[in-house]
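Undergrad: Structure for this input, please:
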Amino acid sequence: MAQVTTSIITIGDELLIGQTIDTNSAWMAQQLNAMGIWVHRRVAIGDVKEDILEALEKEAAVSDIVLITGGLGPTADDITKPVLCEYFHTRLVQHEATLHRVMHLFESRGLPVLQRNVDQALVPESCTVIENTRGTAPGMWFEKDGKIYVSMPGVPHEMQGIMETYVLPQLAAHFSTPAVIHQTLLTAGMGESFIAERLVGFEAKLPSHIKLAYLPSYSLLKLRLTAFGDDKLATAAELSILFHELKELLADIVVADQDMPIAQVIGQLLLERGKTVGTAESCTGGQIASWITAIPGSSAYFKGSAITYANEMKVKLLGVKPATLEAEGAVSEAIVKEMHAGALELLETDYAIAVSGIMGPDGGTAEKPVGTVWIAVGDATNVVTVKHQLRYDRERNIQMTAVYAMNALRKLILQ
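TA: Got it, this is the predicted structure:
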């Protein structure tokens, strides 16, 4: 079965200068890959007519589908529709259903309807208009020389609505695609190169239609096995056997056998045991609590956090002893142990995580350089402390500290 390929074109000067992060391409790629459509290329271009025309020509030459986001707003720099008219040799016409929807949207909110809002209902005459139930700019479906083009708004939730309700079902009906099955292993505690060395024999025997990908991130490493095949059940069964072998080979460093955040792993463990957790955070500034509460249903096991950035707050909220601060300093094993004990009492939880460190870029000393971190995790009877010496920038140091702390708690719970 021939592989169906897609190119994704994102339009907007804000993408090129880094003012806006392109999350659209990643989301679209995930949805397309899940249905067996391979993303061949991702291209970001500015609001320049010649660049858009060139990108359309080049991507249509190498892909079956060209998905375009951006440039459909009501302002002068949004030029996608006129450029599409030039590319498809057509003209802009008013789409009555879209105009009615725009008028109703503004009138129902008591807002004046400007000409630029009315112009949102102008679409290239040769396209199939796709209703945008989440905004004013409709999507547009074109077909030319056997290729499919779809233009959508750059606003993520508007694009996602159009993809989910129309584009993905239409592509599934239009193309016959192979089965694509993924299984992901989440690991911690061993570097990518060392894991690769351990898996030399495993990788060597993988058939050509099954690939292993290494996806590192903040002291965690995802290993994703991907299988392609004509029969979904047979492909899934073959992949399952290999995935279990992979899991056995890395049993000592496995965090989860699913693609999930480490905060979700912690949450599942706590739910299974009917336990609760809280955090006492200094250098991470609430990052650990933020990750935990990002998981739906976390209120069942997470009670709260004490963000004690200043030493006086460690004393006032967590009962840290001023004498300990004076003797050991805020970044020390003694302090995180006192923070941990204070968090258990203050938050009335079964487990607590406490962290204190120097994230940089300054604040370090010869004895405690930037990147020094102390972590304490445990319950009222069993506390484990860990020291890390990180060597990255401030943001990465914070992220890695949060991962290290949650993984330390995970291991303690499983003891």
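Undergrad: Touching stretch 159-169 from outside, list them.
TA: 24, 27-28, 31-32, 35, 67, 69, 130-134, 139, 141, 150, 152-153 (Cβ atoms under 8 Å, 6 or more residues apart in numbering). Heads up, the C-betas are built off the backbone N, CA and C, glycines and all.
Undergrad: buried subset of those residues?
TA: Neighbour-count burial (16 or more other Cβ atoms under 10 Å) is assigned, among the contacts of stretch 159-169, to 24, 28, 32, 67, 69, 130, 132, 139, 141, 150, 152-153.
Undergrad: Please list the members of these that lie in helices.
TA: 24, 28, 32 (DSSP state H).
Undergrad: Those residues into a markdown table, with extra columns for distance to Ala76?
TA: Listed next are these as a markdown table, based on distance: Cβ to Cβ, whole Å:
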| residue | distance to Ala76 |
| --- | --- |
| Asn24 | 22 |
| Met28 | 27 |
| Leu32 | 32 |
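Undergrad: With respect to Glu281, which of these is nearest?
TA: Closest approach to Glu281 among those (Cβ to Cβ): Asn24, at 32.6 Å.
Undergrad: That closest one and Thr10: what is the separation?
TA: 6 Å (Cβ to Cβ, to the nearest Å).
Undergrad: Show me whatever sits in contact with both of those two.
TA: Joint contacts of Asn24 and Thr10 (Cβ under 8 Å, 6+ apart) are 69, 154.
Undergrad: All the strands of the stretch 151-300 of the chain, residue numbers only.
TA: 179-188, 210-217, 220-229, 254-256, 277-281 (DSSP state E, counting those that start in this stretch).
Undergrad: To Glu245, which of those strands lies closest?
TA: Nearest to Glu245, of the strands of the stretch 151-300 of the chain and by Cβ to Cβ, is strand 220-229 at 9.9 Å.
Undergrad: residues in contact with Ala289?
TA: 279, 281, 302, 304-305, 307.
Undergrad: Report the two of the buried ones among the contacts of stretch 159-169 separated the most.
TA: Applying Cβ to Cβ across these, the maximum distance is between Leu32 and Asn132, 19.7 Å.
Undergrad: mind giving me the domain split of this protein?
TA: Split into domains by automatic domain parsing, the chain comes to 4-174, 179-256, 262-414.
Undergrad: any idea which of those domains is most buried?
TA: domain 262-414 (a mean of 19; mean count of other Cβ atoms under 10 Å).
Undergrad: quick one: it to chain centroid distance?
TA: The chain centre lies 24 Å from the centre of domain 262-414; the measure is Cα atoms, centre = their mean, to the nearest Å.
Undergrad: Now do it: distance from first to last residue.
TA: Using Cα to Cα, to the nearest Å, one end of domain 262-414 lies 14 Å from the other.
Undergrad: How about stretch 282-293?
TA: Stretch 282-293 end-to-end distance (Cα to Cα) = 18 Å.
Undergrad: Could you do stretch 125-139 as well?
TA: End-to-end distance (Cα to Cα), stretch 125-139: 13 Å.
Undergrad: hmm, who's touching it?
TA: With Cβ under 8 Å, 6+ apart, stretch 125-139 has contacts from 72-74, 84, 88-93, 95, 97-98, 101-102, 105, 117, 120-121, 123, 140-142, 150-153, 155, 157-158, 161-162, 165-167.
Undergrad: Try it again at 6 Å.
TA: If you take Cβ atoms under 6 Å, 6 or more residues apart in numbering as the criterion, stretch 125-139 is touched by 72, 88, 90-91, 93, 95, 98, 102, 120, 123, 140-142, 152-153, 157-158, 161-162, 166.
Undergrad: Could you measure from Trp141 over to Leu171?
TA: From Trp141 to Leu171 the distance is 10 Å (Cβ to Cβ).
Undergrad: Now Leu105: which helix or strand?
TA: helix 96-108 (DSSP states H and E).
Undergrad: Put the alpha carbons of the following helix or strand past that helix into CSV.
TA: Later in the chain than helix 96-108, the nearest helix or strand by DSSP H and E is helix 115-118. Below are the C-alpha coordinates for helix 115-118, written out as CSV (Å, rounded to 0.1, in the frame of the first residue of the first chain):
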residue,chain,number,x,y,z
GLN,A,115,-16.2,45.8,6.8
ARG,A,116,-13.1,43.8,7.7
ASN,A,117,-15.4,41.4,9.6
VAL,A,118,-17.8,41.1,6.6
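Undergrad: Check the offset of the helix or strand following helix 115-118 from the chain's centre.
TA: Downstream of helix 115-118, the next assigned helix or strand under DSSP H and E is strand 122-124. Offset of strand 122-124 from its chain centre (Cα atoms, centre = their mean): 34 Å.
Undergrad: partner strands of strand 122-124, parallel or antiparallel?
TA: strand 92-94 (antiparallel) (DSSP bridges).
Undergrad: quick one: the strand it pairs with to chain centroid distance?
TA: 38 Å.
Undergrad: So which residues make contact with that strand?
TA: Contacts of strand 92-94 (Cβ under 6 Å, 6+ apart): 85, 121-122, 125.
Undergrad: Then stretch 22-38?
TA: 3-6, 8, 10, 15, 39, 42, 69, 156, 159, 172, 177-178, 180.
Undergrad: go with 7 Å
TA: 3-6, 8, 10, 15, 39, 42, 44, 65, 67, 69, 154, 156, 159-160, 163, 168, 171-172, 175, 177-180 (Cβ atoms under 7 Å, 6 or more residues apart in numbering).
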